[in-house]
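A.B. asks: here is the input, now give the coordinates:
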Amino acid sequence: MLKLHEKSRNDTVATMADLGRRARAAARPLAIATTAAKNAALAAMAQAIIARERAILDANANDIANGHEAGLSASSMDRLKLNPARIRAMAEGIREIAELGDPVGDVIASWERPNGLRIERVRTPLGVIGVIYESRPNVTADAGALCLKAGNPVILRGGSDSLNSSSVIHACLVDGLKAAGLPQDAIQLVPTADRAAVGEMLKGLGGNLDVIIPRGGKSLVERVQTEARVPVFAHLEGICHLYVDRSAKLDRAVGIAVNAKMRRTGVCGAAETLLVDRAVASTHLVPILDALRAAGCEIHADAEVLKLFFDAKPATDADWVTEYLDAVIAVKLVDGVAGAIEHIETFSSHHTEAIVAEDAQAVERFFNEIDSAILLHNASTQFADGGEFGMGAEIGIATGKMHARGPVGVEQLTSFKYRVRGSGQVRP
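C.D. replies: A predicted model of the protein is given here:
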């Protein structure tokens, strides 16, 4: 006789296998779906999200109550919470994806060989994508819409803390698929909070899963990278740096620093470390830190900074490798752009780094020598976002180097194939 937990696990295994089979069955019709059909589905999805705002908010209220009861951190609660503005932003993001060019069938390159063969490299869907994410119910909409536009079926496994919200949002996406006559299994949501579901996805669902995209904390991403039997687009933690050069305009540095850290502390593009050129410590450091403190930020400072700014805690070695996702920032003085580069290359997660400077040579050196997915000059790190890049939305910021890097939008969700046209050529 099966024990209860054994029966539950067997049910989860069967459920996940069924999701995989259904997603694979949807892959071919979705890959050949017309742009008009995909855009019609996206438009209907956005409309459904707006129409069901009340239902989404009610479901989210349940998730918020459960989150408080579970003792989620303030940053996790911020990522979990929806409001009318965020719901409208979800719908608008879907509409923006509809307005993007359809990548499927796009000819990336073409050339002709001396023997007369004409060769084209053409974008194709990746296949069935699995997205595993924590909190952030908006990822349900973003990931579903992006995968659809790129012609990929997707299996969404959201966090258990956002299951109520994600379920209502997913229902809106299915409404859009129905309205456009596309396979309803093109976007599926894992219907259980059982952690065994993640393990089944990492195994590849019997060969039916082609790619996994994890979006969440370090422990989730590390587990996926370690255990996955299918390719992974890694979205690792965002230990993002802001460097203020000796050539920086003070007002600009203050404004960027406060925005980079405090606009939304719980996003992966929030600055976690502030590096200030030692040459302007006497003029720039205190005004920047005063502005951060006034905005409610806690300062963790190295010994040199503590001598100039007293309202701070001593930084430890852990501060340089911590993604706070909170109103906390680590601060250090460095010897110019060379010192900043050395620190960043030592401690960065290769997500996003920014320089505030007017010296073009310093900027070029920063851009050339730092190996991170996104580099910014005189702009906040919070622009590390697919929507801000004009991609409509993103599934995440890929910090690896294979296939996709930086914001993962519709183009990054495609592969390619070669089409070779001849006129009877045979190989000698």
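A.B. asks: dig out what L156 forms beta bridges with.
C.D. replies: Taking DSSP bridges as the rule, L156 bridges to V131, L189.
A.B. asks: show me this structure divided up by domain.
C.D. replies: 4-235+395-420, 240-383 (automatic domain parsing).
A.B. asks: OK, contacts around the nearest residue to D175 once chain neighbours are set aside?
C.D. replies: Counting by CB to CB, 6 or more residues apart in numbering, D175 lies nearest to A48, which is 4.4 Å off, once chain neighbours are set aside. Glycine gets a C-beta too; all of them are placed from N, C-alpha and C. Residues near A48 by CB atoms under 8 Å, 6 or more residues apart in numbering: A171, C172, L173, D175, G176.
A.B. asks: correct me, but S165 touches A65?
C.D. replies: No: using CB atoms under 8 Å, S165 is not in contact with A65; the gap is 11.9 Å.
A.B. asks: looking at the two, which is more packed in?
C.D. replies: S165 (30 against 11; other CB atoms under 10 Å).
A.B. asks: wait, what's in contact with that one?
C.D. replies: Counting by CB under 8 Å, 6+ apart, S165 has contacts I56, A59, N60, D63, L80, L82, P137, T140.
A.B. asks: what are the phi and psi angles of it?
C.D. replies: Here is the backbone geometry of S165 (degrees, to the nearest 10): phi -60, psi -50.
A.B. asks: quick one, helices of the stretch 301-428 of the chain?
C.D. replies: Using DSSP state H, counting those that start in this stretch, the helices of the stretch 301-428 of the chain run over residues 303-308, 336-347, 360-369.
A.B. asks: please disregard the earlier target; I meant the stretch 1-150 of the chain.
C.D. replies: 4-31, 35-51, 53-70, 74-80, 84-99, 138-149.
A.B. asks: of all the ones you listed, which lies closest to V244?
C.D. replies: With CB to CB as the criterion, V244 lies closest to helix 74-80 of those, at 24.7 Å.
A.B. asks: may I see the buried residues of the closest one?
C.D. replies: S75, S76, M77, D78, R79, L80 (16 or more other CB atoms under 10 Å).
A.B. asks: could you check how far the first one is from A44?
C.D. replies: Spelled out, that is S75. 33 Å (CB to CB, to the nearest Å).
A.B. asks: buried sites along stretch 384-403?
C.D. replies: Here stretch 384-403 shows 384-387, 391-399 as buried, counting by 16+ other CB under 10 Å.
A.B. asks: just stretch 54-68 next, same as before
C.D. replies: I56, L57, A59, N60, D63, I64, N66, G67.
A.B. asks: give me the distance between the fifth one and A354.
C.D. replies: It refers to D63. 33 Å.
A.B. asks: report the rounded mean pLDDT for stretch 289-303.
C.D. replies: In this model, stretch 289-303 has a mean pLDDT of 98.
A.B. asks: one more: stretch 215-235?
C.D. replies: Computed over stretch 215-235, the average pLDDT equals 85.
A.B. asks: in that stretch, what counts as buried?
C.D. replies: Applying 16+ other CB under 10 Å to stretch 215-235 flags 215-217, 220-221, 223-224, 228, 230, 232-235 as buried.
A.B. asks: picking up where we left off before, tell me which of the helices of the stretch 301-428 of the chain sits nearest to A23.
C.D. replies: Nearest of the helices of the stretch 301-428 of the chain (CB to CB): helix 336-347, 39.2 Å.
A.B. asks: now the closest one: how far from the chain's centre is it?
C.D. replies: 25 Å (CA atoms, centre = their mean, to the nearest Å).
A.B. asks: hmm, who's touching it?
C.D. replies: By CB under 8 Å, 6+ apart, helix 336-347 touches 239, 241, 243, 245-246, 273, 275, 277-279, 320-321, 332, 334, 353, 355, 357, 362, 365-366, 369-372.
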